[in-house]
Structure formats: C-alpha cells, structure tokens
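Student: pasting the structure only:
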C-alpha cells in the first residue's frame, strides 16, 4: 500500500511532459527517399510533406543540404506553418558522376526538436556513350601573310558522360594546336577552349584537320581547318628634292633608322636627277633620308633637311 502514492506521482509526471512536447512539432513524411537511377545530365524531383502536428504555429527559419548531387527546389524562408497545416518540400537529384551517392536535407525551425533531417540517396547512370563535340566545325583563317601567324579558338564539349582527351594532332605543319594540356577530363556538359594557329609557309590555299583522341564514341573528333597564304607586299620609298644653288653635277642619297643618324649612302653612283626610289626597305621599319649635292670639283655639300618614311607591315 505504501507504493501506491509513488505510482500515482509517476503517472502524473508522464502526463505533464507530452503536454509541453505537443506545443510545436515539425514532422516529415517520408523522412527518407531514394531517387533510384537517374541519367547523368538530367535530374529527378520529389516532394516531402512537412506538417505541424503541435498545438501552436511554428516557423521554419533555415535550410541546408549535404551532397553535391542534391538541391532544394523552390522553398523560400522563413516560412510560417500554422497548427495542423502542411507544406511540400521539393528536392532534386542531379547526378554528375556514375554510381551511388547519398546526402541529407536539414531544416531548422522553432519546434521543440529544432533540427529535422531527411536522408536521401540516388544512383547516377549513363545509358548513352560519351560524345565529344567541337564548335565551330570549321575554322577559316582567311588571308595570312607568309611568315606571319593568325590564331582562332574552338571549343570542345563533352556530352552524355565524362570524356577524357588523351592526345591531339594536326596533319599539317602550317596549323598548330595550342593551349590544351593533356590528358584532360571533361565532365558531361563541360567545355574546354583550344587555340589553333595558322602560319603559312607558301602562297596559296591550305587545308588541314586537327584531331582530338578521346574515350568518346565518336573519337577522333575532327576540326576542319583552312586558310590562304599570301606573299608579303613589297614596298618602296620615292624621294624627290629641289636642286641647290651650287651648280651641282649630281646628288648622293643617305639613309638611317635614327633621325640624328648615322646615315649610310644608298646610291652606288652619283645621281644626276632630283629623284630617287629606294626599293630595299623592310616592312615595319621607319627610315630617315638626307641628300647632298656634289659640284664639278667633287665637293659634297652638307646634309639636306631630314625626310621620314614609315614602312607598313
């Protein structure tokens, strides 16, 4: 008989605790989900039902997730959930690699159990063979001067699954592949830029192919290349001057690459005319010219004023 009051007291305590626990409670249905097999490059979606089963309203204040293949759908916070109300939590599985992966979604609220964790899993699968595409399919370099170079860029893109590029090559010495460090692995949907350089060694149209060897089903991936080599344009400088007052019998022409000199004579014999054409100039160089007059006694005057000529590339 003495133990009876203790039993009654214990019963009273167990009845008091649930009354507090029911105040704010957030529940999930279900609290775990498997997305099953989802093809790489696509996504699977699912919605978990969240319910407030307590006696008062609550707020969901923050969210977080674990696992790079999983994402929240549209679910803005903070969210007020009235007593007895429910809301759908959208979640997404977007695999980027083949095989099993798992993760978790976590919500923090004002409920008595502040953290609510929902476990998820999925399997990334690739039913299609990996492909490697190149864009644009053809690079046309147009006219390029023989001995100089021009560069253009192409883009290599992996699809369906990851692609590993192991080697590259051009079938012409006039076209070089630059800027690609091999081997390189591209996840599905990712791209890498590659530079092609055209250096013609002769005049005329040149065609070639740049190939990229990989584990893709369509290997080698081929870039068509074309360009035209054109001969360098020849340049000359035409000079003319007025005769002096010293009764000259001829003139000498001098040239330098610095305005203040030194100058070197460019005519091999005394020039009796008042004009001269210099056909030995080099593209991209700036020249400075002076002239002198020579009388019958062979005496040579001082330099004339300086004339400048910039030769284009």
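Tutor: Good, I have the coordinates. The structure displayed is predicted, hence computed values, not measured ones. Numbers count the residues shown, from 1 in each chain.
Student: Could you use CA atoms for every contact and neighbour count after this?
Tutor: Noted.
Student: For stretch 181-201, measure first residue to last.
Tutor: Using C-alpha to C-alpha, to the nearest Å, one end of stretch 181-201 lies 26 Å from the other.
Student: buried set for it?
Tutor: In terms of neighbour count (16 or more other C-alpha atoms under 10 Å), stretch 181-201 has its buried residues at 185-189, 191, 194, 196-201.
Student: Around residue 33, count how many other residues there are.
Tutor: Look at residue 33: counted by other C-alpha atoms under 10 Å, it has 17 neighbours.
Student: ok, it - contacts?
Tutor: 118, 119, 120, 121 (C-alpha atoms under 8 Å, 6 or more residues apart in numbering).
Student: tell me the domain boundaries of this protein?
Tutor: 25-125, 131-230, 237-310 (automatic domain parsing).
Student: and the helix or strand containing residue 225, which residues are buried?
Tutor: If you go by DSSP states H and E, residue 225 is part of strand 221-230. Across strand 221-230, burial judged by 16+ other C-alpha under 10 Å covers 221, 222, 223, 225, 226, 227, 228, 229, 230.
Student: Give the pairing partners of it; include direction for each.
Tutor: Here strand 221-230 has these sheet partners by DSSP bridges: strand 138-145 (parallel), strand 204-214 (antiparallel).
Student: what about those, which gets the closest to residue 284?
Tutor: Closest to residue 284 of the strands paired with strand 221-230 is strand 138-145 (C-alpha to C-alpha; 13.5 Å).
Student: that older thread, dump the domains of the chain to TSV, plus mean pLDDT.
Tutor: Output for the domains of the chain, formatted as TSV (pLDDT from 0 to 100):
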stretch	mean pLDDT
domain 25-125	95
domain 131-230	95
domain 237-310	91
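Student: Now tell me what touches stretch 184-200 from outside.
Tutor: For stretch 184-200, the external contacting residues (C-alpha under 8 Å, 6+ apart) are 40-41, 96-97, 141, 144-166, 174-180, 206, 227-229.
Student: now do 6 Å
Tutor: For stretch 184-200, contacts defined as C-alpha atoms under 6 Å, 6 or more residues apart in numbering pick out 146, 148-165, 174-180, 229.
Student: Show the buried residues in the contacts of residue 33.
Tutor: 118, 119, 120, 121.
Student: out of those, who's nearest residue 81?
Tutor: For these, the nearest to residue 81 is residue 118 (18.3 Å; C-alpha to C-alpha).
Student: Give the bridge partners for the closest one, please.
Tutor: Applying DSSP bridges to residue 118 gives these bridge partners: residue 105.
Student: quick one: it and residue 29 touch, right?
Tutor: No. Using C-alpha atoms under 6 Å, residue 118 makes no contact with residue 29, being 9.4 Å away.
Student: that older thread, what's the next secondary structure element after the strand holding residue 225?
Tutor: strand 237-240.
Student: mind listing what's buried in that next one?
Tutor: Buried residues in strand 237-240, counting neighbours by 16+ other C-alpha under 10 Å, are found at residue 239.
Student: show me what contacts the residue lying closest to residue 142 once chain neighbours are set aside?
Tutor: Closest residue to residue 142 apart from its sequence neighbours, by C-alpha to C-alpha, 6 or more residues apart in numbering: residue 227 at 5.0 Å. Contacts for residue 227 were tallied using C-alpha under 6 Å, 6+ apart; they are 140, 141, 142, 205, 206.
Student: would a markdown table of those residues with neighbour count be doable?
Tutor: A markdown table is the format used below for the contacts of residue 227 (neighbours: other C-alpha atoms under 10 Å):
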| residue | neighbour count |
| --- | --- |
| 140 | 13 |
| 141 | 20 |
| 142 | 13 |
| 205 | 13 |
| 206 | 18 |
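Student: tell me how far the ends of stretch 116-134 are from each other?
Tutor: Note: stretch 116-134 ends 47 Å apart using C-alpha to C-alpha.
Student: go on, stretch 226-243?
Tutor: Length of stretch 226-243, first residue to last, C-alpha to C-alpha: 54 Å.
Student: still on that earlier bit, using a markdown table, lay out the buried residues of stretch 181-201 together with secondary structure.
Tutor: Converted to a markdown table, the buried residues of stretch 181-201 look like this (DSSP: H, G, I helix; E, B strand; the rest coil):
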| residue | secondary structure |
| --- | --- |
| 185 | strand |
| 186 | strand |
| 187 | coil |
| 188 | coil |
| 189 | coil |
| 191 | strand |
| 194 | strand |
| 196 | strand |
| 197 | strand |
| 198 | strand |
| 199 | coil |
| 200 | coil |
| 201 | coil |
